[in-house]
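1. When you get a sec, could you give me coordinates for this:
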Amino acid sequence: MEIFKAWPKIPRVENRKEFYTEKIDGTNACIVIADYSQLKGEVPPPIEVMYQHDDKVYGIWAQSRSRLITPQDDNYGFARWVHENVIDLFGLEEGYHYGEWWGKGIQRGYELDHKRFSLFNTKRWGEHNPNTPKCCHVVPVINRESVEEAKTALKKHGSFAAPGYMNVEGVVVYEYNTDSYWKAIINK
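-> Okay, here's the model as predicted:
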């Protein structure tokens, strides 16, 4: 253990770097990709295993907000979807890839006839990154100057994630310097 630990630099409030995304009403989900050969202790088997050229063995897991899930013990079919799209999803690479699993049969449903997975990390994934898996969506960024303007845009235009759907849930505010999230609800 190191004795000295500096106090972290505090960002200036006038230098806040916020941006806004649509808060989609579904169920929280995550795709976990990890080097299976390096994991210690009691680790449940992955949904799928893929061998890489660097002699690492990568596993892919699915999780809900509170637990790991499998196609046999699922959350609205998310683990089954991960299994069905495993080759494409391994393109996400090692890490935790959080998002919203939403659509038909989940919360508002958004008048969709299917389910979708929308990644939260808009900085990494989206149209600007050709490596974004084709089976994944990304939460829409709302290009406005304030949370109130973002809420007004959603109230006026409806969902950006499901165009034409007017009963939107709200806005997520992300502050870059502090890596913090807040939500502003429009319709419960």
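2. need the contact list for the nearest residue to Asn85 once chain neighbours are set aside.
-> Leaving aside its chain neighbours, Asn85 sits nearest to Cys135 (4.3 Å; criterion: CB to CB, 6 or more residues apart in numbering). To be clear about C-beta, it is placed using only N, CA and C from the backbone, and glycine gets the same treatment. Residues near Cys135 by CB atoms under 8 Å, 6 or more residues apart in numbering: 81, 85, 88-89, 117.
3. How is Cys135 assigned, secondary-structure-wise?
-> coil (DSSP: H, G, I helix; E, B strand; the rest coil).
4. Give me the local confidence score for it.
-> On pLDDT, Cys135 comes in at 98.
5. quick revisit: for the contacts of Cys135, which entry has the maximal number of neighbours?
-> Among the contacts of Cys135, the one with the most neighbours (other CB atoms under 10 Å) is Phe117, at 25 neighbours.
6. Do you know the pLDDT at that residue?
-> Per-residue pLDDT puts Phe117 at 98.
7. That one falls within a helix, correct?
-> No - using three-state DSSP, the assignment for Phe117 is strand, not a helix.
8. thought it was touching Trp101?
-> Yes - using CB atoms under 8 Å, Phe117 makes contact with Trp101 at a distance of 5.4 Å.
9. what is in contact with those two at once?
-> Taking CB under 8 Å, 6+ apart as the criterion, Phe117 and Trp101 both touch 29, 78, 81.
10. re earlier: take the contacts of Cys135 and keep only those in strands.
-> Under the assignment DSSP state E, the contacts of Cys135 contribute Phe117 to strands.
11. May I see the contacts of Cys135 arranged in CSV, with distance to Val49 as well?
-> Formatted as CSV, these follow (distance: CB to CB, whole Å):
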residue, distance to Val49
Trp81, 18
Asn85, 15
Asp88, 16
Leu89, 13
Phe117, 21
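12. No further queries at this time; thank you.
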